[in-house]
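**Student:** Okay, structure incoming, though there's no sequence with it:
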C-alpha cells in the first residue's frame, strides 16, 4: 500500500529517524532487520538537493531508497549497482558539464521525479511513489516540500552550493560558515511534525551533523520538537576515533568551531539529544559526553556488515527505552 506523510495523521509512528547520507542508510538497513518497517519513519535531509541538467536530484533520498531496496552500489554507498555511464560519456563528448556523474539507471529516477514535480505533485508525494516502486515498506519523508539549500562559505572567499563543495571541489577546501537558504520560509513536509511529536523514539542517524542533520533542524518547528522531547532522542556519533568514516564531517566540525570527537558531537547535539551512542574506540570519552547532560552508550558503530548494523540498531532501541 502506498503511504505518504498524510497517512501518519491516522496512525502513530513508533520510531522516527533523522537521516542523511550513507551512514543513515546503513543504520536504517540494520533497524529494518529488527523492527517492523511499518513502524519506521525516515525524515530525510533535502539540503543536498540540486537541479542539474534540468533534473531535480535528491541525493540523500535516493541513497536511502537504493540502499533499502538492495540496489545500491555497495562500493561507493550511493548510486545504483551495475549502472553504466554511457549517457554522461556522450554528454562529455558533446562538451557538456559532467562533474556530477549520473548513471543511466539513476537518471531514470531523476527523470521520474522531475516529471512528477512539474506535473504538480509535491516532493512528499513523489518520494512515496518512488519508495513504493522500489518495494520499501517504511515511510520515507523529505524534511520539507519547499526548497532548502545548504550553502557553504569558503575560507578562501565565495559561497558554493553543497554539491559544488562536495563533488566538484571534492570537499577539499576549508569552510568558514554554513547557511540553509530558504529554511526560514520552509515548513516541515506533511507527516514530519506528527511523526516527531508522536514517536516512541527519535533517532539521529550517524550522519554529518553540519550538512545532513542541521538542515533538518533548520526547518521551522523541527528543532523545537526535539528539544521538547530530548529524553526520547538518541543520536549515533558519526565520528569514530577522531575521524569521519566517510565524507567531511570531521573537518567541518573543526572548521566551524567544534571538535572532531565523539564529545564534540555531544556538544553539537546537546540541546536536542538525551543519549549519544559512541563507538568502542571512543569509550574513554564517555565522561566528556555525559558532561553535556546526556547519557553515553558505548558499542560497535562501524557498520561493516549487516549484523553489526542490526546490533547497533538494537543498542539504540535499548538506549531509548
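**Tutor:** Done, it's in. Since we're looking at a predicted model, the values are computed, not measured.
**Student:** Low-confidence regions, the stretch 201-321 of the chain specifically.
**Tutor:** Within the stretch 201-321 of the chain, not a single segment meets pLDDT under 70.
**Student:** just the strands in it please.
**Tutor:** 201-204, 233-236, 239-240, 243-244, 275-279, 295-299 (DSSP state E, counting those that start in this stretch).
**Student:** for these, which one sits closest to residue 80?
**Tutor:** Nearest of these to residue 80, taken as C-beta to C-beta: strand 243-244 at 24.3 Å. C-beta: built from backbone N, CA, C; applies to glycine.
**Student:** Neighbouring strands - and their directions - for that closest one?
**Tutor:** Partners of strand 243-244 in the sheet, by DSSP bridges, are strand 239-240 (antiparallel).
**Student:** List the buried residues of the helix or strand in which residue 30 is found.
**Tutor:** If you go by DSSP states H and E, residue 30 is part of helix 21-34. Residues 21-32 are the ones in helix 21-34 that count as buried (16 or more other C-beta atoms under 10 Å).
**Student:** what packs against it?
**Tutor:** When contacts are defined as 3 or more C-beta pairs under 8 Å, 6 or more residues apart in numbering; DSSP states H and E, helix 21-34 sits against strand 15-19, strand 40-44, helix 59-68, helix 306-319.
**Student:** quick check: angle from the longest one to strand 295-299?
**Tutor:** In this structure, helix 306-319 runs at an angle of 160 degrees to strand 295-299, with axes from the mean of the first three to the mean of the last three C-alpha atoms, to 10 degrees as the basis.
**Student:** quick revisit: could the helices and strands packed on helix 21-34 go into CSV alongside mean neighbour count and distance to residue 230?
**Tutor:** Output for those, formatted as CSV (neighbours: other C-beta atoms under 10 Å; distance: least, C-beta to C-beta, whole Å):
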stretch, mean neighbour count, distance to residue 230
strand 15-19, 27, 14
strand 40-44, 28, 17
helix 59-68, 25, 24
helix 306-319, 18, 14
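**Student:** Out of the ones you listed, flag the one nearest residue 185.
**Tutor:** Of all the helices and strands packed on helix 21-34, strand 40-44 comes closest under C-beta to C-beta, at 18.8 Å.
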